[in-house]
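Chemist: Provide a 3D model corresponding to the input given below.
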Amino acid sequence: MSQHIQPPAPDSATPAVPYPAEPARTGNIGLGIAAAVVAALAAAAAYGGIMNAIDRQVGYAAVGVGILVGFAAGKLGGKNPVLPVVGAILSIGAVYLGQLFYIALALADLGNVGLGDVLSNVGVSGLGDYWQKGAEAMDYVFLVIGGFVAFGTAKKASD
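Modeler: Numbering: from 1, shown residues only. Take a look at the predicted model:
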């Protein structure tokens, strides 16, 4: 026969030992930067593709680039104070690359050639020259918007 035995009540004189608190999550700065670079490249391609599809720039797309890059840097990198700055710089670069990608797509459409042909004939430096010749004030504003949003998003995502 089994008997139900109730364990004795704990002695109130012995204090309970608290479990140690979990260590603060420090993040991985290398992983944060790597994720931000990948996010910047993907966002640049999407930004250029969106601009090509609608044949103009939209501020919300630059905001989206900043959010994507900043979130990747802050979420995976943690609370390192360098990551918002890196995210902002990468986001500015992503918006710029997206604008260059848009120019390359537009040239490919105009010449009825493939994107590879445009990149091999004109090159990235040639696309940069086209960008400089046609850049307006709003092009620079979109660069700043992307960087500003990425900085803020990286700070918030690391919390």
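
Chemist: wait, Ala62 sits on Gly146?
Modeler: Yes - using Cβ atoms under 8 Å, Ala62 is in contact with Gly146, at 4.5 Å. Just so you know, the C-beta spots here come from the backbone N, C-alpha and C atoms, and that holds for glycine as well.

Chemist: Find residues that contact each of those two.
Modeler: By Cβ atoms under 8 Å, 6 or more residues apart in numbering, Ala62 and Gly146 have these common neighbours: Val95.

Chemist: Settle it for me: which of those two has more neighbours?
Modeler: Counting neighbours by other Cβ atoms under 10 Å for Ala62 and for Gly146 shows that Gly146 has the greater number, 34 against 28.

Chemist: In terms of pLDDT, where does the more buried one sit?
Modeler: pLDDT recorded at Gly146 is 95.

Chemist: got a list of contacts for the helix or strand hosting it?
Modeler: Using DSSP states H and E, Gly146 sits in helix 137-157. Applying Cβ under 8 Å, 6+ apart, the contact partners of helix 137-157 are 57, 59, 62-63, 65-67, 69-71, 73-75, 77, 83-92, 94-96, 99, 131.

Chemist: which other helices and strands contact the helix or strand bottoming out on mean pLDDT in the chain?
Modeler: None of the helices or strands of the chain scores lower by mean pLDDT, DSSP states H and E than helix 115-121, at a mean of 89. With contacts defined as 3 or more Cβ pairs under 8 Å, 6 or more residues apart in numbering; DSSP states H and E, the packing partners of helix 115-121 are helix 82-111.

Chemist: mind checking pLDDT for the nearest residue to Gly74 once chain neighbours are set aside?
Modeler: Setting aside the residues directly before and after it, Gly74 is nearest to Ala157 in space (Cβ to Cβ, 6 or more residues apart in numbering), at 3.2 Å. Per-residue pLDDT puts Ala157 at 90.

Chemist: so how many other residues sit close to Ala157?
Modeler: Counted by other Cβ under 10 Å, the residues lying close to Ala157 total 22.
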